[in-house]
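> below is the structure, and that's it, no one-letter string:
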């Protein structure tokens, strides 16, 4: 109940304060059936007072134990009556809601409107009408004033009650951006709370917590060192709030993971040395290797071997195209040297641009890979190849061309002579108001090998790619990488808080594979005899649950934290409960119990949610008894089929060198049953959005009954312009209207656009 708490069996001492001179006592003694407080509440002038002032006049607490219990403008009361029947019927005739008829004690519990109190008191046979005071919660303290819906979704409350656990004796360490450094909210405007306020409301433990058993504060090992130059938003504090909701008596520690990859790895070991037996993070560095375990993964393995359970967010990198294909990555089993490059790349001096990659494994050369970037979105392309750190023998360069073959940007690290990392990263923002096609070109600048290679589109606003399906030996889709792909890590995907039947679209899918041993020291790791395929993620948990300040304001005072970053601390909190029940359990036993007891998530497979959604009761049963059978492994997509190229224009290599069509004919979508598409708004903000700042970033999602329909949006009567199925825009304080119309492949436009009107207002 909010931040209020009392330990089991506690004695509550009431201190009677002297009445101030001149103060009025509520009601009169013996003046009728109404209690003195209700006699006052029946007065219109008292009911019109602000809540705190009204409570003072009534002589009651304004909130928490001892306060009135209110429900929808009604107040809960006890109505004591004399012998005879008819009291319940009489109360109902006056609009009272009957909660309990209390036959044995001749006392009815009812909800009544304060304006009806005197009418009810005059009913025949009524002896007394008294207020029901809010009780004291005689249980372990909960997680504060704002509780994530994951507590209900993951069955945490039932597990804590059945097994009498609350995380006591466990320490959970969190690695993220920052703890208490944010000065503004992610969505703009002043931040809703700081750590001190979270303590006061019981949403974090600390000296100011209202709970007597939660006075030990957060062990801040290291915070974000360079926050003055780069903004930080205290995502780490939001993660700690979630852990505290799940396991309110667990000790908590924090270490920033934003001070570089190596400092991240050192932070993991520092938390373990400080006593953290559960460690969780939500950070991934672009440089973390795809084909072997890097420094962060090695640290996770080290602390696991030392007895700490390690969990990590799977990532938010999954992407779907309009046909439902998962397109977040592309991987070829070997470098296919085409023997030439597109004209623009060939004309660049000093790049030895005659060994560009052939993206089509069918035998028909294609030296460009088309990518559609949505308006205003940033493309982040992480390209790596299967050579170990400090053993790099190939130098690959990456170029991005526009649809006409002109150079947009490039990445050309000296991979062999300098970095000794098999890595190139491209980033480009689409500045236009419509989707843009860009073309990836990869050239082998030096080296003669033909290593396996892969790129992942990291949290990118990509709506489609030229090769959207696995085939010809190439693999499309899996996006879990880095330490989240390590065998020693419990990797957590995301399920929305209000729907346990689906995984979040953006939750990264597996599996991953290692071709070399871990990167340890400055010598190259040996190649593994056979690739180690790692099934990921392991489990899934709640995201978009509530916090006090992070990250999206979805209604008055309602902040929701979305992403696998929110799912991972939910699972970490359950692990803390498990370790209280079984203190000697090993990390392997915790992981096995979590995955084997997880609940199915609709029709989604292991590559999306692992064993399924965390189920706290089952996890505690499994850790204390015979574990359930483990789930099957997530298998890579089948790449044995024919090559499939998406329909549409993906640019060209230059004049006279069009992209070669696929060998196999592209399957066509079924004919539309409607010539004119329909339009609907599937997701929108509330009708009134209250903010602290001057503007806020809001998201909409549009749908049509035609799969290949495109959308046109009219925002605040500025005219219809092309937009994507997911629209994100910043809106200032004031009234707004969003209209959207779908346009089918045949050109027909929905004559009745979908419309949503809303208002952005300052918070009072």
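Received it, and whenever you're ready, just let me know what you need. As the structure is a computational prediction, the values presented were derived from the model and not from experiment.
> okay, CA-based contacts and neighbour counts for the rest of this
Will do.
> residues contacting residue 469?
325-327, 475-477, 643-645 (CA atoms under 8 Å, 6 or more residues apart in numbering).
> ok, residue 214 next?
By CA under 8 Å, 6+ apart, the residues touching residue 214 are 205-207, 248-249.
> list the contacts for residue 409?
Here residue 409 is in contact with 399-401, 426-428 (criterion: CA under 8 Å, 6+ apart).
> and those residues, which two are furthest apart?
Largest separation among the contacts of residue 409 by CA to CA: 401 and 427, giving 12.3 Å.
> between those two, which has more neighbouring residues?
Taking neighbours as other CA atoms under 10 Å, residue 401 and residue 427 compare with residue 401 leading, 25 against 16.
> re the thing from before, next, format the contacts of residue 409 as TSV and append pLDDT and secondary structure.
Conversion of the contacts of residue 409 to TSV gives the following (pLDDT from 0 to 100; DSSP: H, G, I helix; E, B strand; the rest coil):
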residue	pLDDT	secondary structure
399	97	strand
400	96	strand
401	96	strand
426	93	strand
427	93	strand
428	92	strand
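> for these, which one is nearest residue 512?
Nearest to residue 512 out of the contacts of residue 409 is residue 426 (CA to CA; 21.7 Å).
> just give the closest residue to the closest one, not the sequence neighbours.
Closest residue to residue 426 in three dimensions, ignoring its sequence neighbours and counting by CA to CA, 6 or more residues apart in numbering: residue 381, at 5.1 Å.
> on that earlier part again, kindly indicate which of the contacts of residue 469 lies nearest residue 69.
Of all the contacts of residue 469, residue 69 sits closest to residue 326, with 50.2 Å by CA to CA.
> isn't that closest one right up against residue 470?
No - using CA atoms under 8 Å, residue 326 is not in contact with residue 470, being 9.9 Å away.
> what average pLDDT does stretch 112-132 get?
In this model, stretch 112-132 has an average pLDDT of 93.
> got the end-to-end distance for that stretch?
Start-to-end span of stretch 112-132 (CA to CA, to the nearest Å) is 12 Å.
> neighbouring contacts of that stretch?
Against stretch 112-132 from outside (CA under 8 Å, 6+ apart): 32-35, 37-39, 41-44, 47, 68-69, 73-83, 87, 90-91, 94-97.
> buried sites along it?
By neighbour count with 16 or more other CA atoms under 10 Å, stretch 112-132 contains the buried residues 112-114, 117-118, 120-121, 126-132.
> quick one: distance of it to the chain centre.
The chain centre lies 48 Å from the centre of stretch 112-132; the measure is CA atoms, centre = their mean, to the nearest Å.
> what number of residues are in the vicinity of residue 438?
27.
> verify the contact between it and residue 374 for me.
No - if you go by CA under 8 Å, residue 438 and residue 374 don't touch, sitting 10.8 Å apart.
> thinking again about what came up before, among the contacts of residue 469, name the ones in strands.
Judged by DSSP state E, strands contain the following of the contacts of residue 469: 475-476.
> reformat the contacts of residue 469 as TSV; add pLDDT.
Below are the contacts of residue 469 laid out as TSV (pLDDT from 0 to 100):
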residue	pLDDT
325	95
326	96
327	97
475	98
476	98
477	97
643	94
644	92
645	92
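> one step back: save the buried residues of stretch 112-132 as TSV, and put in distance to residue 545 and secondary structure too.
Shown next, in TSV, are those (distance: CA to CA, whole Å; DSSP: H, G, I helix; E, B strand; the rest coil):
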residue	distance to residue 545	secondary structure
112	33	strand
113	33	coil
114	35	helix
117	39	helix
118	43	helix
120	42	helix
121	44	helix
126	46	strand
127	46	strand
128	43	strand
129	40	strand
130	38	strand
131	34	strand
132	31	coil
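> farthest pair in these?
Checked with CA to CA, the buried residues of stretch 112-132 reach their widest spread between 113 and 127, with 18.8 Å between them.
> shared neighbours, residue 326 and residue 470?
In contact with both residue 326 and residue 470: 476-477, using CA under 8 Å, 6+ apart.
> who has more neighbours out of these two?
Under the criterion of other CA under 10 Å, the comparison of residue 326 against residue 470 puts residue 470 first, with 25 against 22.
> residue contacts, the more buried one?
By CA under 8 Å, 6+ apart, residue 470 lies in contact with 476-477, 637-641, 643-644.
> ok, the residue most central in space within the chain - contacts?
In the chain, the residue lying closest to the centroid (CA atoms, centre = their mean) is residue 563, at 1.9 Å. Residue 563 sits next to 315-316, 494, 506-507, 543-544 when contact means CA under 8 Å, 6+ apart.
> go again with 10 Å.
282, 313-316, 493-496, 504, 506-507, 542-545 (CA atoms under 10 Å, 6 or more residues apart in numbering).
> and it, how far from residue 313?
Residue 563 sits at a distance of 8 Å from residue 313 (criterion: CA to CA).
> so what sits against both of these two?
282, 493-494, 507.
> of all the contacts of residue 470, which comes closest to residue 244?
Closest to residue 244, out of all of the contacts of residue 470 and judged by CA to CA, is residue 477, at 34.7 Å.
> pull the distance from the longest helix along the chain to the chain's centre.
Assignment by DSSP state H gives helix 564-581 as the longest helix of the chain. Computed by CA atoms, centre = their mean, the separation of helix 564-581 from the middle of its chain amounts to 15 Å.
> right, and the helix or strand after the worst-scoring helix or strand of the chain on mean pLDDT?
Sorting the helices and strands of the chain by mean pLDDT, DSSP states H and E puts strand 70-71 at the bottom, at a mean of 74. Downstream of strand 70-71, the next assigned helix or strand under DSSP states H and E is strand 74-81.
> buried residues in the next helix or strand after that next one, which are they?
Following strand 74-81 in sequence order, the next helix or strand is helix 87-93 (DSSP H and E). Within helix 87-93, the residues that count as buried by 16+ other CA under 10 Å are 87-88, 91.
> same check, this time on stretch 187-207
187-188, 190-196, 198-206.
> tell me which other helices or strands the helix or strand hosting residue 379 touches.
In this structure, residue 379 is located in strand 378-385 according to DSSP H and E. With contacts taken as 3 or more CA pairs under 10 Å, 6 or more residues apart in numbering; DSSP states H and E, strand 378-385 sits against strand 329-332, strand 369-373, strand 395-402, strand 423-429, strand 436-446, strand 453-457, strand 462-465.
> how far does it sit from its chain's centre?
22 Å.
> what's the answer for stretch 725-741, then?
Here the centre of stretch 725-741 is set off from its chain's centre by 23 Å, with CA atoms, centre = their mean.
> please apply the same query to stretch 423-441.
Taking mean C-alpha positions (CA atoms, centre = their mean), stretch 423-441 and its chain are 26 Å apart.
> again, but for stretch 755-764
Averaged over its C-alpha atoms, stretch 755-764 has a centre that lies 24 Å from its chain's centre (CA atoms, centre = their mean).
> let the chain start at 128 from now.
With 128 as the first residue, the last one maps to stretch 882-891.
> can you tell me what sits against that stretch?
Contacts of stretch 882-891 (CA under 10 Å, 6+ apart): 683-684, 806-808, 811-823, 827, 840-841, 843, 858-868.
> among these, the buried ones, what's the PyMOL command?
Entered in PyMOL, the line below selects the buried ones among the contacts of stretch 882-891, by 16+ other CA under 10 Å:
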select buried, resi 684+806+807+808+811+812+815+816+817+818+819+820+822+823+827+840+841+859+860+863+865+866+867+868
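> just the ones in helices from the contacts of stretch 882-891, please.
Among the contacts of stretch 882-891, no member falls in helices (criterion: DSSP H).
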